[in-house]
Structure formats: C-alpha cells, structure tokens
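Visitor: Okay, here's the prediction I keep looking at, along with the sequence it came from:
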Amino acid sequence: MKHTLSVLVEDEAGVLSRIAGLFARRGFNIESLAVGPAEQVGVSRITMVVPGDSQSIEQLTKQLYKLINVLKVQDITEVPCVERELMLLKVSATAATRSEIIELAQIFRARVVDVAEDALILEVVGDPGKMVAITQVLNKFGLMEVSRTGKIALTRRSGVNTEYLKSLEAKV
C-alpha cells in the first residue's frame, strides 16, 4: 500500500539529504516528493508518498523522529485531506488534432500554456487520479514530454472524507 507522509522539518541545509539517506539505508523508495515552506517561518513541509505496510511505515516514522531537524511526522493516508499535483504535458498537435486536444483539455480543466506549430503544452492541476486519466486520454496524440510535481496534501479541518462521498455517489 502507498502511504502519504507529511513531515514538518526545520528549514536548514542538509535536512532533505538526511531524510533521503534514512530512506535509502532502510531500503524504502520515495515515489513522490514535494518540499516547500510551511505556515511557520523557518519550517518546511515535506510531503512524500512511500510504499509499505503499516508496520514498516510506523517504524520509518520512529526513525524520522530520531533526526534532529524533524519536528512532526504524520501518516495522512487514511485521514481526510485535500491532495493536489501539478503536471505539464507536451502533446504532439497537428492542425487537424489541435482543436480535439484543446476540447479534451477543457474537460479536465487543463490550461494551454504554450502553443507551437507541432505541439501544445498543457498545465493540469488536480488529484493524482486526474493526472492518470488525462495522460491516458491524450496518449493517442503522442506525449512528447511529461513533468509532474510530487503530491501535496493538507488534512481537512472539516473532517469530511470526499473519497467516501464519491464512493456513495457512485452507488447511486
């Protein structure tokens, strides 16, 4: 199972390197990684997606807390949260296919950010499932380049679990 970890760290040189080293020593692969300033000055939030079972993630969390610059570690996999990613897609586009690609982009609320004679660059923001879906739809036109950020996430104060609500809607 993939786990999403939200880690608050002191914003100092070498912190990310020490965390990555810890993961490497333990044989863990980081599938997604996003780092940026948090709400507090001098603190950064690291959001990472790591495969593993609950027991190994719990052990990894304990190891993270042993690092001096780590302030808080939270496994937010099962916690209601808002998750987003950013993806840029360079899609091969001829005069004949351009309008179809733009229509498909609009369905996914993607923005065209660059137009060239033989290609379009689209900006897509959304949950990871949306990224997979638009990539599959546009694949037939020829994906020239893809660049994705790591997943970022914040827990919901409301406690509303939108994934649960989606599953209820699907049954109706």
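Guide: That came through fine. Numbers count the residues shown, from 1 in each chain.

Visitor: for Glu83, helix, strand, or coil?
Guide: strand (DSSP: H, G, I helix; E, B strand; the rest coil).

Visitor: what about the spatially most central residue of the chain, distance to Lys90?
Guide: Residue closest to the mean C-alpha point of the chain, counted by Cα atoms, centre = their mean, is Lys151 at 1.5 Å. Going from Lys151 to Lys90 by Cβ to Cβ, to the nearest Å gives 21 Å. To be clear about C-beta, it is placed using only N, CA and C from the backbone, and glycine gets the same treatment.

Visitor: And for Ile134?
Guide: Distance from Ile134 to Lys90, by Cβ to Cβ: 13 Å.

Visitor: what residue ranges in the protein score low on pLDDT?
Guide: 162-172 (pLDDT under 70).

Visitor: Looking at the record's assignment, how would you partition it?
Guide: 2-75, 82-153 (automatic domain parsing).

Visitor: Turn these into a markdown table, columns for distance to Gly159.
Guide: Shown next, in a markdown table, are the domains of the chain (distance: least, Cβ to Cβ, whole Å):
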| stretch | distance to Gly159 |
| --- | --- |
| domain 2-75 | 15 |
| domain 82-153 | 12 |
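
Visitor: and of those, who's closest to Val160?
Guide: domain 82-153 (10.1 Å; Cβ to Cβ).

Visitor: First-to-last residue distance for the closest one?
Guide: 5 Å (Cα to Cα, to the nearest Å).

Visitor: still on that earlier bit, the closest residue to the residue nearest to the centre of the chain other than its chain neighbours: neighbouring residues, count only.
Guide: Using Cβ to Cβ, 6 or more residues apart in numbering and skipping residues adjacent in sequence, the residue nearest Lys151 is Ser32, 4.9 Å away. By the criterion of other Cβ atoms under 10 Å, Ser32 has 17 neighbours.

Visitor: swap in Leu22?
Guide: Count around Leu22 with other Cβ under 10 Å applied: 16.

Visitor: between Ile134 and Lys90, who's got more neighbours?
Guide: Ile134 (22 against 17).

Visitor: So that one, which state does it fall into?
Guide: Quick answer, by three-state DSSP: Ile134 is helix.

Visitor: I'd assumed Leu89 was in contact with it.
Guide: Yes: the criterion here is Cβ atoms under 8 Å, and Ile134 meets it with Leu89 at 7.3 Å.

Visitor: For Ser158, what is the enclosing helix or strand?
Guide: Under DSSP states H and E, no helix or strand contains Ser158.

Visitor: How about it: what's its closest non-neighbour residue?
Guide: Pro80 (7.6 Å).
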